[in-house]
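> fold the following and give me the result.
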Amino acid sequence: MVIVNVKVSVAASAALLPLGAVAQTRPNIVLFLVDDMGLMDTSLPFDTDSHGNPVRQPLNQWYHTPNMERLATTGVRFTSFYAQSVSSPSRASLITGQNATRHHTTNWINAESNNRTTYGPPQWNWRGVDCGQPLFTKLLQAAGYRSIHIGKGHLGSIGSPAENPIHAGYDVNIAGSSIGEPGSYYGQDSYGLLRGQRSRAVPGLQQYHGTDTFLTDALTAEACREIDHAASDGQPFFLALSHYAVHNPFQPDLRYIERYRGHGASGQAEAYATLIEGMDNSLGEILRQLQQSGVARNTIIIFMSDNGGDAPLGDGEGYGSCAPYRGKKGSAYEGGMRVPCIISWAQPDAATPSQQAMPVRQGGVQRQLATIMDIYPTVLDIADVPLPREYSLDGSSLRRMMQAQPDRRHRPYFLMHFPHGDHRSNYFTAYRRDRWKLIYFYNPQHPDRPKAELYDLATDPYEHRDLAAAMPRLTRRLIKEMARRLKDEQALYPVDSLGRELKPDASKVVRRESRGERRKSR
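Next up, the predicted model:
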């Protein structure tokens, strides 16, 4: 936990400069957020060898994302970037800078009803983001930024303040609401209002209803219009282009389908690949618009996904959608929480003052662990906006890491807490510390039989060999350390059938694993 104190408030510091001066000096920031995109859902490799060199895997041959490749040549790709394993917790962590353990939105938010699940914590934050907190979007507003949200919100349930991103610090909201998936990607379906899942119809895009405009393209067109508007006004802007793609339903974008036919993949896998390519085309359109509006040199792009991938390949905890990594969205394994991330200036130019103030290594590869909680302080650092006083953060600025340099002060751990059921992995906490990754399963139906798994990601990055039984002392130490961090971050826990909290217990796990090993040795 980091508690930051500053002597000058954001509003006061912004007031020291006229708006024109802020507009001329502060960089624009584009957050390009993809929904449910996995680490391997791209032709740009995010896997590396032991020397840090990118390694192309078979899935990189399947997908086609030339604009991501282009962005990586002008910026730095993060190959060990972590998010929560499902959507709403990640989106809350992004805008608050706090881990899900702290903000308590630990499951995806069902818009209409509390999806705590059977043994989930009764007091979990189903309502979503607390809009009274110093969200980074609000701090940017106070500093003179025009803050724009386009696309998926999923920050709060129906009737909560965060249902509308305007309450979460945005001046503009287009198509954002409580829904977590689109009713349809097709304009002919009015994005779910006419055909598809009506309860998940995407709002605010009536001008595209009845047309052949794919949802990804409609959101991109709106983003380009807002970029041009802000650039024309000379106002610095923060744009969150939060695509519904590539979340299900996996409906094919027929413009791209021929590339994926005839390779033996299922129709759903082909459709998913077209969603990926359409998303990448959107990235290219945003880069072109920044050039046309004359703001590319003064605009930085943060490209990332909100959680692990959901490609219709393989099972949830095995090797398929994120191969060679294990698991997918909602699982406790790397494929569920390790996501693609690229940070780049839209047009690198060493003579531009904003780029001199925040340099980014072109073609850089950053292997050091970073997390979605780091985006909050990084965005404020880029904008030269002070961090809020007396506010707990679980991340820190990526300034040094964006230069593809190691940052020894950056925290070497990630805590991913999912105290709910009904997903690929259930009632678990994953704790990565340096090379080691611990997964603790609470087992609410049999509280005396929790389970732990231990992986050495330095030698086994794809999680083939569970070392918990072979290394009981290390397993015990990591469980205790994880338990302390959960307590420090005020985590809520799953409960048993009597409503009693289940907290990590190293003695139960190690004793049980040791007995299992003795039985095997006989």
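> show residues contacting stretch 449-461.
For stretch 449-461, contacts defined as C-beta atoms under 8 Å, 6 or more residues apart in numbering pick out 47, 325, 334, 432, 435-443, 463, 465-468, 471, 474-475, 478-479, 502, 504-505, 508-510, 512-513. Glycine gets a C-beta too; all of them are placed from N, C-alpha and C.
> Produce a PyMOL select command limited to the buried residues of those.
Buried members of the contacts of stretch 449-461, defined by 16 or more other C-beta atoms under 10 Å, are picked up in PyMOL with:
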select buried, resi 47+325+334+432+436+437+438+439+440+441+442+443+463+466+467+468+471+475+478+479+502+504+505+508+509+510+512+513
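> in strands, which of the contacts of stretch 449-461 fall?
47, 432, 436-441 (DSSP state E).
> so how far is the first residue of stretch 109-120 from its last?
End-to-end distance for stretch 109-120: 13 Å, by C-alpha to C-alpha, to the nearest Å.
> in it, what counts as buried?
For stretch 109-120, the neighbour count (16+ other C-beta under 10 Å) marks 109, 111, 115-117, 119-120 as buried.
> so what touches that stretch?
Residues contacting stretch 109-120 (C-beta under 8 Å, 6+ apart): 88, 106-108, 122, 124, 126, 128, 154-158, 163, 177-180, 199, 419-422, 427, 444-445, 494-497, 502.
> are any of these buried, and which?
If you count burial by 16+ other C-beta under 10 Å, the buried members of those come out as 88, 106-108, 124, 126, 128, 154-157, 163, 177-180, 419-421, 427, 444, 494-496, 502.
> hang on, Leu31 in a strand?
Yes: counting by DSSP: H, G, I helix; E, B strand; the rest coil, Leu31 falls inside a strand.
> re earlier: let me know the closest of the ones in strands among the contacts of stretch 449-461 to Gln141.
When the ones in strands among the contacts of stretch 449-461 are ranked by distance to Gln141 (C-beta to C-beta), Arg432 comes first, at 34.1 Å.
> so which of the contacts of stretch 109-120 sit within helices?
Residues of those located in helices (DSSP state H): Ser88.
> ok, Tyr376 - contacts?
So Tyr376 contacts 94-97, 136, 393, 395 (C-beta under 8 Å, 6+ apart).
> which ChimeraX command selects the buried ones in those residues?
Buried residues within the contacts of Tyr376, by 16+ other C-beta under 10 Å, are selected in ChimeraX with:
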select :94,95,96,97,136,393,395
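> so of the contacts of Tyr376, which ones are in helices?
Reading helices off those with DSSP H, I get 94-96, 136.
> sorry, back to before: and the buried residues of stretch 109-120 as CSV, adding pLDDT?
Converted to CSV, those look like this (pLDDT from 0 to 100):
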residue, pLDDT
Ile109, 98
Ala111, 98
Asn115, 98
Arg116, 98
Thr117, 98
Tyr119, 98
Gly120, 98
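> got the residues you listed as a markdown table, with distance to Trp345 and secondary structure columns?
Below are the buried residues of stretch 109-120 laid out as a markdown table (distance: C-beta to C-beta, whole Å; DSSP: H, G, I helix; E, B strand; the rest coil):
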| residue | distance to Trp345 | secondary structure |
| --- | --- | --- |
| Ile109 | 34 | coil |
| Ala111 | 37 | coil |
| Asn115 | 40 | coil |
| Arg116 | 43 | coil |
| Thr117 | 43 | coil |
| Tyr119 | 47 | coil |
| Gly120 | 42 | coil |
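> need the residue closest to the centroid of the protein.
The centre of the chain sits closest to Asp306, judged by C-alpha atoms, centre = their mean, with a distance of 2.4 Å.
> what is the burial count for the nearest residue to that one once chain neighbours are set aside?
Nearest-residue entry for Asp306: Ser90, 4.3 Å, with adjacent residues in sequence omitted and distances by C-beta to C-beta, 6 or more residues apart in numbering. Residues near Ser90, counting by other C-beta atoms under 10 Å, number 29.
> contacts for the host helix or strand of Ser90, please.
Taking DSSP states H and E as the definition, one finds Ser90 inside helix 87-96. Residues outside helix 87-96 that contact it (C-beta under 8 Å, 6+ apart): 33, 35-36, 83-84, 98-100, 103, 105-109, 128-130, 133, 135-137, 153-155, 168-169, 180, 306-307, 371-373, 375-376, 394.
> packing partners for the next helix or strand after that helix?
The helix or strand immediately downstream of helix 87-96 is helix 100-103, counting by DSSP H and E. Contacts defined by 3 or more C-beta pairs under 8 Å, 6 or more residues apart in numbering; DSSP states H and E place helix 100-103 against helix 87-96, strand 413-418.
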